[in-house]
Each structure stands twice: as structure tokens, then as C-alpha cells.
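Participant: Whatever this is, show me its structure:
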Amino acid sequence: MRILFIGDIVGKSGRDIVSSLLYSLKKEYDIDLVIANAENSAHGKGITIRIYRQLMDAGIDYITMGNHTYSKAEINKYMEEMNRIIVPYNHSMRSSDNYYKIIEYKGLKICLTNILGTVLIPETSIDQYTSFNHVIEETASLNPDFYFVDFHAETTAEKRLFAEYFSDYAKVVVGTHTHVQTADEDLINGCAFISDVGMCGAYESIIGRDIDETIRANIDNEKTVYTIAEGPAVFCAVIIDIDENKRIPTGISRIQIRP
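Facilitator: Numbering: from 1, shown residues only. Here you go, the predicted structure:
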């Protein structure tokens, strides 16, 4: 089994490059399942029903989110339809139980979940260790073969620590949130890990945001409106190979396609 996980989709540039590349990538790499982080897909913050439909039509199977999950209020209005979105278990605004999905494919039962880190993420309500232990306890009766975690966190150290600590349960831990792809993909005691998958968004940007506006906001202390950068995008993802008989990952590799 081969899973493609796509890093944070940021704004229109990110959506466009995913839509343009995904079909060919699925064919080229013989992908079985596609998961993407889309918490920045609606102009940098949140997601809308229109964008959800667009990403599903592009070939994404499941969507994970992050600290900006509830930036667009309509997510609660349309959550029943957006039933392939997994929101962070420990988000302070979480209003439903859609913090995991059991994915059954090729004889495997994978529990996909979404957890926020604690460093510099004020939306986090409970620390990541308590949170994931709760997820394990609450889904144990479903007998998943392993857990696939989108760990949406700020620092590489907390992501590595999470993977090391939970490697007996979480056999895939992919980091999101910082938008810069790291070169530390690894198998940790059978857990496929990377600190950050990277982003799909405008290459000439500050992690997806307009460069000039970011300078004015952070150096000149101007009040700005959070403008997403435009232009050709980078595409970042990882491929995770799963041994269906042993029910463990056998490899993780990066994809980065620059304009």
C-alpha cells in the first residue's frame, strides 16, 4: 500500500498546483490513498465548502486540518457534508467528534487522526501527549492496525519527541504547520516520520504569505490584512510505503516540485 500525504495547501496557488499535478503523481507513483493538510487552503486560513469540493474532485481522499481549522465559520455549517475532514482532537474550538477516521483498505485498518502541538499554538486546549492517549483509548475498541497522525506543531523537537514516544502506536507521524519541508524523514522503531512535509503554495513568499506585506507587518509594525502570495507554487509531499502483511511502514520519501 502506498500513501501520498500532501503538505499544507496554502491559498489559490496551492490549490491550483495540487489540482494540476495530483492525477499524474498518483499514476506515476501508483498511489492508493491521498491525504492532504488543507487548513490554509481558503486564502491562508481555514477551508470553505467550495474548496473542500474542489480538493475532493482533484483526487484527495481525506483532509487534515490545524490551528486555523475554524477560521471560516461555515466549516461547522457544512461539517456533515465535509465528512472527510479530520479536525485536531485538542483544538479549543472543536465542536464535534470528527477527530479521527478509520480507513479500511487492502485489509488494513488505519486510524487517521490530527493533533496540535503546544509551542506557539494558542488554540491548543490539551497537550499532545494527553490528547493522543485519549484518542488511543477512545478508538481501541475499533482495533486499528496502527495510527496515522498529522501532528500540527511548531518545532522539530516536539515532533520528533512525539514520534519517539508513541512509535508503538503511531506508525506514521507527519509534521505540518511550519510550511518548510525538512530533510529528516526516517523510520523510528517502525514509525514513518518527518518533522514537516512542507507546503503547496507560492514559492516566492514567506511560507505562503506576500513578502512585502510580511515585511510591513513585522518590521514596520503596520496593520495588514494577511495577503497570500501569488505566482508559481512549490508542491511538497511525502510517500509512505506500507507492508500490508506485516502492517507496518517500510519507507518514507519526500517529493518537492519547484516552479
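
Participant: Run the chain-centre distance for the longest helix seen in the chain.
Facilitator: Ordering each helix of the chain by length in residues (DSSP state H) puts helix 11-29 first. Distance of helix 11-29 from its chain centroid, counting by Cα atoms, centre = their mean, to the nearest Å, is 15 Å.

Participant: Give me the contact list for that helix.
Facilitator: 2, 4, 6, 8-9, 31, 34, 36, 40-41, 43-44, 51, 54-55, 58-60, 199-202, 208, 228-235, 237, 239, 255, 257 (Cβ atoms under 8 Å, 6 or more residues apart in numbering). No exception for glycine: its C-beta is placed from N, CA and C like everyone else's.

Participant: So which of these are in strands?
Facilitator: Among the contacts of helix 11-29, the ones falling in strands (DSSP state E) are 2, 4, 6, 8-9, 34, 36, 199-202, 233-235, 237, 239, 255, 257.

Participant: from the residues you listed, which would you call buried?
Facilitator: 4, 6, 8-9, 34, 36, 199-202, 233-235, 237, 239, 255 (16 or more other Cβ atoms under 10 Å).

Participant: orientation of the longest helix of the chain relative to strand 33-37 in degrees?
Facilitator: 160 degrees (axes from the mean of the first three to the mean of the last three Cα atoms, to 10 degrees).

Participant: what's the average pLDDT for helix 11-29?
Facilitator: Helix 11-29 carries an average pLDDT of 98.

Participant: same question, stretch 100-119
Facilitator: So the average pLDDT for stretch 100-119 ends up being 97.

Participant: Could you pull out the buried residues of that stretch?
Facilitator: 100-101, 103, 108, 110-118.

Participant: any chance of those residues in TSV, plus secondary structure and distance to M82?
Facilitator: TSV is the format used below for the buried residues of stretch 100-119 (DSSP: H, G, I helix; E, B strand; the rest coil; distance: Cβ to Cβ, whole Å):
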residue	secondary structure	distance to M82
Y100	strand	15
K101	strand	12
I103	strand	17
L108	strand	24
I110	strand	20
C111	strand	19
L112	strand	15
T113	strand	17
N114	strand	14
I115	strand	19
L116	strand	19
G117	coil	24
T118	coil	27
